[in-house]
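Enquirer: just coords:
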């Protein structure tokens, strides 16, 4: 049989553009699938709303105390909802072994990781966008402070960056639903503490210098764990 | 096209492949046969760069694994008994997604060509979750050939298919092979393998125990050849 002419290499784009193309393709695929099934987002949202409503009835607080507990209540809500979403997001790849399909693509595998990070972040930020106004109404607290919103973004990035990497590890285990929280919460403790402290600082009008320390910690955490994930993802997903 | 030398794969203390040697020439359709646990899937996963060899040398289209894995993956199409598709995307969305991952030029045209080839053009906008197992497997083959690979790796592609769906899949596989691709297929189904392949390799205890071309075998003795290879 005659050898076949190949068509792929002639049009192969540069490594950087193929990286971003693959990353966007993975994120688009997750968002398109979620738009149809609404499995993941609705589970995260229902859980989050349930938690803030329960806390609202459980803690009958004065205005000053409300401001001081807000950051804790919100981060507990977002952390658990985020883990719920991370677990489901990777489980979808494991069903029908779709992860193998992704790993077979001739791209840098960290593009797959960053694509998953992007879609997971969209889901988590989407939940936050819905929950914040409802929380503000229920608790009568002003949450629309630029510094607070910045902390929310940095904290969510740190939480998802680590969570996506650990979810990729946990999904290969039979006890993945149980394993992810066990792995994730200790590693994410630093980002959660920094987020609670920094967002609490903004809500109670604390000294900007004390908030800056926590903000710096968040930025360092995000940069360090993004770099670690970029370096190790290939080894995490390979047999 | 594929050269494997002294390939060893261990999972912990367990040795799955134990010094396997194999050469596959361009355009050959090789059926890799063997009992459960012989290491067929492990071997295919190494060729597909989804698993690292513990020892030995593996080259696909002249590229050494695992160091040149991206070059190898660009030349490989893989179809397993799992379709590797997303149930909440339509047939064309699945192909478009994989097309973007492979950087395929003129993607829309290519997606239409592939859907026509596998006979799913009329169902292109239907969600994969509404497809029968046979239709999913045809779409999986479409995904595998989308980037026009030189080498196809098929891991028990008939698993879970009824007789009609298997026959339809055979037709698609024949057309894939007729386009000059090198194919390596694992199977438990000797009759089906005999119909499709041009060479038969028996994998046993982590090595190729016997090998024969279609010319060397008459239709009546593949089963005998298989049994003898496993008995030795």
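Expert: Received the coordinates, thanks. Computed from a predicted structure; not experimentally measured.

Enquirer: would you point out the helix or strand in chain A whose mean pLDDT is lowest?
Expert: The helix or strand with the lowest mean pLDDT-type score in chain A, counting by mean pLDDT, DSSP states H and E, is helix A:63-94 (a mean of 88).

Enquirer: pick out the residue closest to the middle of chain A.
Expert: With distances taken as CA atoms, centre = their mean, residue A:160 lies nearest the centre of chain A, 2.7 Å away.

Enquirer: and the gap between that residue and residue A:117?
Expert: Counting by CB to CB, to the nearest Å, the gap from residue A:160 to residue A:117 is 6 Å. Bear in mind the C-beta positions are built from the backbone N, C-alpha and C, glycine included.

Enquirer: how about residue B:172?
Expert: Using CB to CB, one obtains 36 Å as the distance from residue B:172 to residue A:117.

Enquirer: ok, these two, which is more surrounded?
Expert: Neighbour comparison, residue B:172 and residue A:117: the larger count goes to residue A:117, with 23 against 19 (by other CB atoms under 10 Å in any protein chain shown).

Enquirer: just checking, that one touches residue A:161?
Expert: Yes - applying CB atoms under 8 Å, one finds residue A:117 in contact with residue A:161, separated by 6.0 Å.

Enquirer: which residues do those two both contact?
Expert: A shared contact of residue A:117 and residue A:161, defined by CB atoms under 8 Å, 6 or more residues apart in numbering or on different chains, is any residue touching both; here these are residue A:229.

Enquirer: what lies in contact with stretch A:207-218?
Expert: When contacts are defined by CB under 8 Å, 6+ apart, stretch A:207-218 is touched by residues A:147, A:150-151, A:154-155, A:158, A:190-191, A:194-195, A:197-198, A:201-202.

Enquirer: counting neighbours, which bits of it end up buried?
Expert: Along stretch A:207-218, these residues count as buried under the neighbour rule (16 or more other CB atoms under 10 Å in any protein chain shown): A:211, A:214, A:215, A:217, A:218.

Enquirer: can you list these in CSV and add secondary structure and pLDDT?
Expert: Supplementary listing: the buried residues of stretch A:207-218 in CSV, determined by DSSP: H, G, I helix; E, B strand; the rest coil; pLDDT from 0 to 100:
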residue, secondary structure, pLDDT
A:211, helix, 93
A:214, helix, 95
A:215, helix, 95
A:217, helix, 95
A:218, helix, 96
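
Enquirer: what is the burial count for residue A:238?
Expert: Each residue near residue A:238 was counted by other CB under 10 Å, and the total is 14.

Enquirer: then residue B:21?
Expert: Neighbourhood size, residue B:21 [other CB under 10 Å]: 13.

Enquirer: in the helix or strand containing it, what counts as buried?
Expert: Under the assignment given by DSSP states H and E, the secondary-structure element containing residue B:21 is strand B:14-24. For strand B:14-24, the buried set under the neighbour-count rule, 16+ other CB under 10 Å, comprises B:16, B:17, B:20, B:22, B:24.

Enquirer: helices or strands up against it?
Expert: Secondary structure elements in contact with strand B:14-24, counted by 3 or more CB pairs under 8 Å, 6 or more residues apart in numbering or on different chains; DSSP states H and E, are strand B:2-11, helix B:40-47, strand B:207-213.

Enquirer: continuing past the longest helix belonging to chain B, what's the next helix or strand?
Expert: In terms of residue count, the longest helix belonging to chain B (DSSP state H) is helix B:163-178. In the C-terminal direction, the helix or strand that comes right after helix B:163-178 (DSSP H and E) is strand B:182-187.
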